[in-house]
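S.K.: Okay, structure incoming, though there's no sequence with it:
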């Protein structure tokens, strides 16, 4: 099945949003003390700040996935679609996960999870749960193209209520994850179908979205700092994170609209290598941390808020360099191996 839709132009603002999304995802995993450093070395206030700013950044990642899936539907061919997902998503996931699994077995002599569990549930790295999760979303995505816009938009509006149940289950692939994230994927697709209206809303109500983002962030600071966790509708911390990240998402779209006339080299790098960065950033961060701990074996020698921030920036820079280098060496096979 090929969908014959009119070709649409390249959207630099959404391209930059990919950069914004992967940067947030990477920071939640790397702006912290490395392995071997006592948790007490990293001030509790910084932990709270990291959680409030970057936890649940998967929302950005899945939004842009849904947006681009629908936006590029003009050239959609179902056979090519599934082939590309297998080659460019599943293959790098299996290759990199296998290498990490073998390395950990070699270093530790055994792991908590079997190889099959590692693959099925994304246990090789903390962020790898997303690939088994999104694989099912990709599998059913072609069905979304069969729903007409006049029916799709109202259905998505109803679906956006479900994440308020706060059913996210950390890094487990579960039904709760789909209840929480799949509506955001569909929302991204809906925004693609009504792109001009979506951008207009983001621009028109920017001050309200930014105000709500600040208020929700303040509420989250309180909830996270005092470790308050609700269980019910709108009292669950994940529900508040969902609302906060959606407000920030709207604000980010507005800001990126203002920047779309500029050619921002760093944004282009982050966007072009976003999937490779996703796969590699925690590995590089761990290696950087090991080098640092070799040079400074006593954690008390360092002021970790500053050193940790510099370590994070170094790890992200090296991740980008590694991604670029791998692509040059691997050539046309790079997407199948590292995802870029």
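M.R.: On my side now, so go ahead. Please read all numbers here as calculations on a predicted model, not as lab measurements.
S.K.: Look through the protein and tell me its longest helix.
M.R.: Using DSSP state H, we find that the single longest helix of the chain is helix 304-330.
S.K.: What is it packed up against?
M.R.: Contact here means 3 or more CB pairs under 8 Å, 6 or more residues apart in numbering; DSSP states H and E; on that basis helix 304-330 packs against helix 12-30, helix 265-272, helix 274-295, helix 334-337. The C-beta positions use only the backbone N, C-alpha and C, and glycine is treated the same way.
S.K.: What segments of the stretch 51-200 of the chain are helices?
M.R.: Under the criterion DSSP state H, counting those that start in this stretch, the stretch 51-200 of the chain carries helices at the ranges 58-71, 78-85, 91-108, 115-121, 130-144, 149-159, 175-193, 195-204.
S.K.: Please work out which residues outside the fourth one touch it.
M.R.: Residues lying outside helix 115-121 but in contact with it, judged by CB atoms under 8 Å, 6 or more residues apart in numbering, are 94, 97-98, 101, 111, 113, 123-124, 129, 132, 172-173.
S.K.: thinking again about what came up before, out of the helices of the stretch 51-200 of the chain, flag the one nearest residue 325.
M.R.: For the helices of the stretch 51-200 of the chain, the distance to residue 325 is smallest for helix 91-108, at 15.3 Å, taking CB to CB.
S.K.: Any buried residues in the closest one, and which?
M.R.: Within helix 91-108, the residues that qualify as buried are 91-93, 96-97, 100-101, 104, counting by 16 or more other CB atoms under 10 Å.
S.K.: now swap in stretch 286-302 and tell me
M.R.: Buried residues in stretch 286-302, counting neighbours by 16+ other CB under 10 Å, are found at 288-289, 292-293, 299, 302.
S.K.: quick one: which two of the residues you listed are the most distant?
M.R.: Among the buried residues of stretch 286-302, 288 and 299 lie farthest apart (CB to CB), at 14.9 Å.
S.K.: what bits of the stretch 51-200 of the chain have low per-residue confidence?
M.R.: Counting by pLDDT under 70, the stretch 51-200 of the chain shows low-confidence ranges at 110.
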